[in-house]
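Asks: sequence and predicted structure below; questions after.
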There are 2 protein chains.
Amino acid sequence: MRILVCRCSIGYAGRLTTRLASGDRVLLFKDDGAVCIHARAGAKPINYMPGPTVVREEDGVIRVTRPSSGESLTILVEAVYDDRSMELEDEARLEREGRELQLHERLVRQPDVIELGLVVVERERRTDVGPVDLWCRDADGCLVLVEVKRIQAVAAAVEQVERYREQALRDPSCDTVRAIVAAPDFAPQARALAEARGVELVRIDVQALFELADAELTLFS
Amino acid sequence: MRILVCRCSIGYAGRLTTRLASGDRVLLFKDDGAVCIHARAGAKPINYMPGPTVVREEDGVIRVTRPSSGESLTILVEAVYDDRSMELEDEARLEREGRELQLHERLVRQPDVIELGLVVVERERRTDVGPVDLWCRDADGCLVLVEVKRIQAVAAAVEQVERYREQALRDPSCDTVRAIVAAPDFAPQARALAEARGVELVRIDVQALFELADAELTLFS
DNA sequence: ATATACATGTCGAGG
DNA sequence: CCTCGACGTGTATAT
């Protein structure tokens, strides 16, 4: 990785056009061709380019191009404060706990938090309008489609599960199909739409669900 | 800004929990309290924390906390390769040009690229279920709702415009409402859903649209 | 390679 | 403050 600290001005041309006047920044040229330009403040880079890229430098002008998309970044270097390249060794992968997929797994183990007697038949069941998070049967044997959201569910989630239900209803063997959105919270428009469409909203306590599952793991280990 | 290049392992606890095993990384501690940790590859930081934060360091352990949200980042520094703080001066602001809004403007000027005889009555017309990109009338005077996508349209875009249509149909003065998604490309699921819902898909050549408008500008200037 | 959905998404506009 | 949709979204995963 090359770390270049310099005064520069930057132009980007691609999905849109941006222009950044002269200022001091930190430029990271990464091993996979990614380029990341950080200003003195802000969590996000002010300009960037994902790898792979072609980087050419001549007379204080660095030109980064991405052949796959035709995007380009042009950096006019006006003063170099520091310029160093270092070999960074890193085999680690970021491990995440609490993603939506893990939430699915917990719900498969604890379907009762959605509804008593619910049984998850299949997870991520594919349809041609998208995958159904949890394909279930309720206590009466009725088909239940559950859309799971890790964070607050918005109207789109209600539409999504309604789309799956419509698809399922095309199958003549399905006469009644219930649709549920399971989330820790619901936006007002989601509530309104759910009401209009007959989609059920089930609040789940994600925190408790994870703690519950953890406790169970502890018990069995 | 402090630039710390080191071998470290990192833990994040907040909206979820992450764990990153030992490896070499570049850590940026910015003037506004933001912290940005970059691995050797990838356009995005592998860990981060937006400012303002509280940073405490003791015995090779850096603890970053965000009082407003209770999130925390714990960095165990195992070997320091470089550690420097620099004053960066930067008054510049990023200037952007060419967002979806501009595409809307072009379409308002050239509605024929969507459909011959189409007239845009209103742009970004607000409804209870969200803003309609282009509120139009076709050659027969029929109401037409157009959702514009700068890039490939996915199923959600079809649902979006369908939602607007349903809302419009509540008005008894609207007996027929057409719904169009205008985009340079369409995902297969978008096509499937559009077919099922009777939403029309219109491919627009964004490149040509901009060139056309530019040529017109040139003529009139 | 393409298609799809997640994300500590982040960000900004409008009510 | 909340809600919503765009984003130069980037990134991983499954087909």
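Replies: Here it is on my side, so go on.
Asks: distance check, A:K44 against B:A41.
Replies: Here the criterion is C-beta to C-beta, to the nearest Å. By it, A:K44 lies 18 Å from B:A41. The way it works is simple: take the backbone N, C-alpha and C, and place the C-beta from them, glycine included.
Asks: correction: A:V161
Replies: Going from A:V161 to B:A41 by C-beta to C-beta gives 37 Å.
Asks: more crowded one of the two?
Replies: Shown here are A:V161 and B:A41; by other C-beta atoms under 10 Å in any protein chain shown, A:V161 has more neighbours (26 against 15).
Asks: got the contact list for that one?
Replies: Shown in contact with A:V161 (C-beta atoms under 8 Å, 6 or more residues apart in numbering or on different chains): A:132, A:145-147, A:179-181, A:199.
Asks: DNA strand C: which of these is nearest?
Replies: Ranked by distance to DNA strand C (C-beta to the nearest atom of the strand), the contacts of A:V161 are led by A:E147 at 8.0 Å.
Asks: doesn't the closest one lie inside a strand?
Replies: Yes. Counting by DSSP: H, G, I helix; E, B strand; the rest coil, A:E147 is found in a strand.
Asks: show me what contacts A:A39?
Replies: A:23, A:25, A:46, B:88, B:90.
Asks: apart from its chain neighbours, what residue comes closest to it?
Replies: Excluding the flanking residues, the one nearest A:A39 by C-beta to C-beta, 6 or more residues apart in numbering or on different chains is A:I46, at 4.5 Å.
Asks: gap between the one you found and DNA strand C?
Replies: Applying C-beta to the nearest atom of the strand, to the nearest Å, the value for A:I46 to DNA strand C is 10 Å.
Asks: quick revisit: which of the contacts of A:V161 has the largest number of neighbours?
Replies: Greatest neighbour count in the contacts of A:V161, by other C-beta under 10 Å, goes to A:V181: 28 neighbours.
Asks: beta partners for that one?
Replies: Beta bridges link A:V181 to A:E147, A:L201, judged by DSSP bridges.
Asks: residue contacts, it?
Replies: Here A:V181 is in contact with A:146-147, A:149, A:153, A:157-158, A:161, A:190, A:194, A:199-202 (C-beta under 8 Å, 6+ apart).
Asks: need phi/psi at the residue of chain A positioned farthest from its centre.
Replies: Taking C-alpha atoms, centre = their mean, the residue of chain A most remote from its mean C-alpha position is A:D59, at 40.1 Å. Per-residue torsions, A:D59: phi 50, psi 50 (degrees, to the nearest 10).
Asks: same question for A:R191.
Replies: Per degrees, to the nearest 10, the backbone of A:R191 is at phi -60, psi -50.
Asks: surely it touches A:R203?
Replies: No. Taking contacts as C-beta atoms under 8 Å, A:R191 lies outside contact range of A:R203: 11.2 Å.
Asks: nearest to DNA strand D among the contacts of A:A39?
Replies: Minimum separation from DNA strand D among the contacts of A:A39 (C-beta to the nearest atom of the strand) is found for A:I46, which lies at 7.4 Å.
Asks: dump the residue contacts of that closest one.
Replies: Taking C-beta under 8 Å, 6+ apart, one finds A:10, A:20, A:25, A:37-39, B:94 in contact with A:I46.
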